[in-house]
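**Student:** Would you be able to build a 3D model of this:
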Amino acid sequence: MVQVFAIFVMLAILSVLIIVHECGHFSVARFFGFQTPVFGFGLPFGPHWVVGKKWGTEFRVHACLLGGYVAIPELGDETAATQDAFGVELKPFKKFPIWQRALVAFAGVGFNILFAYLVMLVMFLTLGTQSQPTVVSDLVPENPIAMQAGIKKDDIVVSINDKPVNTTDETVSLLSVHKHELVHVQILRDAKPMTIDMTTNDAGKVGMKLEGKGPVTYKKIDGNFFEIARQAAVRLWNLTASMLSALGQMVEGLGGGGGKASPGHPKIGFGDLHGVLAVVKIGADIAQQDWSQLFLFTILISMDLAIINLVPWPALDGGHLAFMTFEAVRGRPMGERAQGEIVKWGFVSLIVLMVVIMVNDVRALVTGQLDYKKDKQQEDKAAPSKPTDKTKPAANDAEKSSIDSNKSDATGSSGKTPTDATKLDPTGSPEKAPTDTNKSDATGSSDKTPATPPVR
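**Tutor:** Okay, the predicted model is just below:
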């Protein structure tokens, strides 16, 4: 019964995040006078019920309640739209300037970023900032800086240049801002404090593979509301930087640029891409172990949704923005036939990717790769301790919101991250709410990365 409720909670979170995204498009579109003939709650499959009409918009509830969509024909993705396309009467189309169309296209991403920040702020105000021991899980021979300086496996990183670090991504962030500089790394080895000096390379890496281990704790933040709000913004910025770095490494690995797999650079393939099933499974396990971990899990999904939507792929928000950029540079829009072909094949590629991800999710579920509880229990047996305030038994680090562990390395290693496809617009474009994990490297890379592109 608890498992069923946890799954329901995760599905609700995914749906809320997608509705937030669509509300962004809807609000800005209405502000500028775009037509919004339909706002749907759920995926446009099967029967639907009209629950009201206002502002020229028909609000629908679909039988499949996961996700949502908003139809904006004048945004440019429905140049030949008729009444039959939406089942409602359309007014004559207006031509809007590029900057207004661009704001409408970006609004969904903007709302997801704002929502992620608000969740982070609420977490900081109610629980405080998260903290988890950052352990050196491995050293990378390809970058022997830390090894030669004296860092050893299982050392616990306490601070960088006397600035305490609470999570792996904070360690990554602090090292990466000191490119080719001398840094003082304070560690615990066998419960004894030590300081080791080393000079980072040009990328701010030192050859340490980091992993969050042990119980997640929360520390109340000193300061007024504005100071807490600032710290929440910094935390979100650091998380986003880690996610972007991880996404870049995933693209490099999928493109074959990663070369051979190595301890510091594991090879990434299409089998490492995961979706909504993985997200729901892991999120449900996290919810059962410690509901407070859902704060950061929700933030990661929201930011993943924002990042993936900005990818310049046809039918995504980034695709709309790419077409508008082309129009601004060229002085006139791309021909309807050419744009239609690009969108068509872009959509086909998304469907293929969705199938690959679903197969990966099912295989991972059947083989037990998504058994987050088992991984957590194994880690807790050998979890190191680090002085903190309020201890909560948690899932490795709330940032570990995805598939395996929450490793992060100071060398740029990356792995896999589940992504999902949870929304379709009225034309059938898939929109997803991807997520990531907190396996990041000492420069911000993560172990698993979002992979499937969402739409509008």
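
**Student:** Going by C-alpha atoms from here, please, whenever you check contacts or count neighbours.
**Tutor:** OK.

**Student:** Please enumerate residues in contact with stretch 186-198?
**Tutor:** 145-146, 149-151, 154-162, 182-185, 206 (CA atoms under 8 Å, 6 or more residues apart in numbering).

**Student:** Phi and psi next, for the residue nearest to residue 218 when sequence neighbours are not counted.
**Tutor:** Excluding the flanking residues, the one nearest residue 218 by CA to CA, 6 or more residues apart in numbering is residue 130, at 4.6 Å. Main-chain torsions, residue 130, degrees, to the nearest 10: phi -80, psi 150.

**Student:** any idea how far residue 130 is from residue 166?
**Tutor:** 7 Å (CA to CA, to the nearest Å).

**Student:** go on, residue 48?
**Tutor:** Counting by CA to CA, the gap from residue 48 to residue 166 is 48 Å.

**Student:** What ranges does the stretch 101-250 of the chain have for its helices?
**Tutor:** Counting by DSSP state H, counting those that start in this stretch, one finds helices in the stretch 101-250 of the chain at the ranges 145-149, 168-176, 225-254.

**Student:** I'd like to know which elements the longest one is packed against.
**Tutor:** Under the contact criterion of 3 or more CA pairs under 8 Å, 6 or more residues apart in numbering; DSSP states H and E, helix 225-254 touches helix 98-126, helix 168-176, helix 293-309.

**Student:** Can you say which of those helices is nearest to residue 8?
**Tutor:** helix 293-309 (13.2 Å; CA to CA).

**Student:** the inter-axis angle of that closest one versus helix 98-126?
**Tutor:** Interaxial angle of helix 293-309 relative to helix 98-126 (axes from the mean of the first three to the mean of the last three CA atoms, to 10 degrees): 160 degrees.

**Student:** Which neighbouring elements make contact with helix 293-309?
**Tutor:** helix 2-32, helix 98-126, helix 225-254, helix 276-289.

**Student:** tilt between it and helix 276-289?
**Tutor:** Put simply, helix 293-309 runs at 160 degrees to helix 276-289, going by the same axes, to 10 degrees.

**Student:** Give me the distance between the residue nearest in space to the middle of the chain and residue 247.
**Tutor:** Centroid-nearest residue in the chain, with CA atoms, centre = their mean: residue 304, separated by 2.5 Å. As for residue 304, its distance to residue 247 is 10 Å (criterion: CA to CA).

**Student:** With residue 182 instead?
**Tutor:** For residue 182, the distance to residue 247 - CA to CA - is 28 Å.

**Student:** Show me which of the two is the more surrounded one.
**Tutor:** residue 247 (27 against 13; other CA atoms under 10 Å).

**Student:** So what's the residue count around residue 73?
**Tutor:** For residue 73, using other CA under 10 Å, the count is 20.

**Student:** nope, residue 161 is what I meant
**Tutor:** So residue 161, with other CA under 10 Å, has 14 neighbours.

**Student:** ok, the nearest residue to it once chain neighbours are set aside - contacts?
**Tutor:** Spatial nearest neighbour of residue 161, chain neighbours left out: residue 184 (4.8 Å); criterion: CA to CA, 6+ apart. By CA under 8 Å, 6+ apart, residue 184 lies in contact with 160-162, 195-198.
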